[in-house]
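Undergrad: structure, please.
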Amino acid sequence: MTTSKFRIPHTLVLLFGMIVAALLLTYLLPQGAYDRVKNEHGREQVMPGTFHTVDEERLSPLAIFTSIPRGFEAAQDIIFFVFIVGGAFAIFRATGAADALIAFLLARTRKAPFLLVAGGVFVFAAGAATIGMAEEYIPFVPILLGLCIAMGFDTVTAIGILCVGYATGYGAALINPFTVFIAQDISGLPPGSGLGYRAILLVIFLAVGIHHVWSYASKVKADPSKSYVAGLESGIKIEPPKDIKPEPRHIVALVLIMAALGLLIWGLKFQGWYMLEMGALFLALALLLGIVGRLGVNETARQFGRGAEELTMTALLIGFARSIQIVLDEGHVTDTVIHAIAQPLQGLGSYGAAVGMYMTQSLMNLFIPSGSGQAYVTMPIMAPLADLVGITRQTAVLAFQFGDGFTNIIVPTSPVIMGILGLAGIPFDRWFKFVFPFILKVWVVGSIALIVAVATGYS
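TA: Sure thing, here's the model as predicted:
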């Protein structure tokens, strides 16, 4: 009996392959372009019915390599912003405030089963929806396992609380700098715009997620044989829950985070802030957190460097993904691809096109599990496509959020979910049985949300 040696390629390998494929498309597809005009907000918009062929010089094969440094140059603003955010939140983690808060809240709910599920899903969703937390939650896996098993639940319930929470936060993200801001920037939208509707959707999706996890948890508590991991010997180390009391410095650090997020929303909405101002805000936040956390000058600097280092791969993915668009643009086939995709979607009408974008983004997440990387690959196509099929670009961004965020917890190419499952000792097929019904639910609710967005002209 032979064991398959096939391994899913690294995301960086996939993106490089897509750069090569993009160059091949410039040789195989006819060159074309749409006419564009500026709308009332001063942003370029594709004019339907204006597609025409053009005859421009074809790219050199060397574009495979020259496009990559140019991709980093084109995406430099967001790349440096990502580094600054990573550094700031590494300092925040080093203060111990995040760990103390979550551990304290989880320990306090040990005698209230529903509060553990609902409160846990909410807390993990809040971190993902605002500052893009995901990998940072991995240390809480043992704590959740200990709490849930002590309360008569199982490991799937514990991981369901964590993963359904962070997927919900990503799917209906409010101001996630790694998904919302990047997608809106590419689409020519003000950063953080459309926040009100996303806030409403976050509440709705939270209700769906909490109901899904609680229904399963209640079933397992009533009859342990109903557990999807019944009979499995995981061999994992269960950490008993600890009653942790946050220190004053932790509380001050949390207040600083909340104040910074409030200031960020105010600046985006009323002052026209962009990457420069947001980067400055997070730098100031990093310094204040270092002081409050009593880290010292050198440790603050070290933590900032470590945080930026942790996001090096994210920065590389952004640069490589941006290179794909450079090849397509300079090869004059971007509009040709848009035209080809627009034809079947226009046949579905604006409502069907919005849902079709959602499904397309969900599929793309299998190949590009990085939210920022996926935004740079798909949004340059989806944003002008939205103009053609009669929906707003804000709706296209929402479809991207849904497709990227929710399916993060079901695609086996995501290192975060596979790492969490490995730590919890849950086989992927058992996890799939639990999470796929949740994905179906959010596909339905998300489709309805997109239909409402189209009907109301969400912008």
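
Undergrad: only C-alpha atoms for contact and neighbour calcs from this point on.
TA: Will do.

Undergrad: buried residues of stretch 281-294, list them for me.
TA: Leu281, Phe282, Leu283, Leu285, Ala286, Leu287, Leu288, Leu289, Gly290, Ile291, Val292, Gly293 (16 or more other CA atoms under 10 Å).

Undergrad: no no, stretch 346-357
TA: So for stretch 346-357, counting by 16+ other CA under 10 Å, buried means Gln346, Ser350, Tyr351, Gly352, Ala353, Ala354, Val355, Gly356, Met357.

Undergrad: pick out whichever of the buried residues of stretch 281-294 sits closest to Cys148.
TA: Gly293 (31.1 Å; CA to CA).

Undergrad: the closest residue in space to that closest one that isn't next to it in sequence: neighbour count?
TA: Among residues not flanking Gly293 along the chain, Thr95 sits closest, at 4.7 Å (CA to CA, 6 or more residues apart in numbering). Look at Thr95: counted by other CA atoms under 10 Å, it has 23 neighbours.

Undergrad: would you quantify the distance from Val452 to Gly296?
TA: 51 Å (CA to CA, to the nearest Å).

Undergrad: neighbour count for those two, which is higher?
TA: Counted by other CA under 10 Å, Val452 and Gly296 do not tie: Val452 has more neighbours, with 14 against 11.

Undergrad: what secondary structure does the residue nearest to Asp154 when sequence neighbours are not counted sit in?
TA: Closest residue to Asp154 apart from its sequence neighbours, by CA to CA, 6+ apart: Cys148 at 6.2 Å. Three-state call for Cys148 (DSSP: H, G, I helix; E, B strand; the rest coil): helix.

Undergrad: just to revisit the earlier point, may I see the buried residues of stretch 281-294 organised as TSV, with secondary structure, pLDDT and distance to Gly127 added?
TA: Listed next are those as TSV, based on DSSP: H, G, I helix; E, B strand; the rest coil; pLDDT from 0 to 100; distance: CA to CA, whole Å:
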residue	secondary structure	pLDDT	distance to Gly127
Leu281	helix	92	18
Phe282	helix	89	16
Leu283	helix	94	19
Leu285	helix	93	17
Ala286	helix	94	17
Leu287	helix	95	21
Leu288	helix	95	20
Leu289	helix	94	17
Gly290	helix	95	20
Ile291	helix	95	23
Val292	helix	93	21
Gly293	coil	92	20
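
Undergrad: output those residues as CSV; include the columns distance to Val82.
TA: Shown next, in CSV, are the buried residues of stretch 281-294 (distance: CA to CA, whole Å):
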residue, distance to Val82
Leu281, 13
Phe282, 10
Leu283, 12
Leu285, 14
Ala286, 14
Leu287, 17
Leu288, 19
Leu289, 18
Gly290, 19
Ile291, 22
Val292, 23
Gly293, 22
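
Undergrad: so which pair among the residues you listed is furthest apart in space?
TA: Largest pairwise distance in those, by CA to CA, is 18.0 Å, between Leu281 and Gly293.

Undergrad: re the thing from before, hang on, the residue nearest to Gly293 packs against Leu289?
TA: Yes - in this structure Thr95 lies within contact range of Leu289 using CA atoms under 8 Å: 7.4 Å.

Undergrad: any shared contact partners between those two?
TA: Both Thr95 and Leu289 are in contact with Ala253, where contact means CA atoms under 8 Å, 6 or more residues apart in numbering.

Undergrad: gap between the two ends of stretch 61-80?
TA: Stretch 61-80 end-to-end distance (CA to CA) = 29 Å.

Undergrad: and the contacts of stretch 373-386?
TA: Here stretch 373-386 has contacts from 45-46, 179, 182-183, 186-187, 314, 317-318, 321-322, 324-325, 334, 337-339, 341-342, 357, 361, 364-365, 368, 392-393, 396-397, 400, 404, using CA under 8 Å, 6+ apart.

Undergrad: quick check: PyMOL command selecting the buried ones in these.
TA: Only the buried members of those end up in this PyMOL selection, burial being decided by 16+ other CA under 10 Å:
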select buried, resi 45+46+179+182+183+186+187+314+317+318+321+322+324+325+334+337+338+339+342+357+361+364+365+368+392+393+396+397+400+404
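
Undergrad: what about His275, how many residues nearby?
TA: Just to correct that, residue 275 is Met rather than His. Met275 has 16 nearby residues by other CA under 10 Å.

Undergrad: grab the nearest non-local neighbour of Arg294.
TA: Thr95 (7.8 Å).
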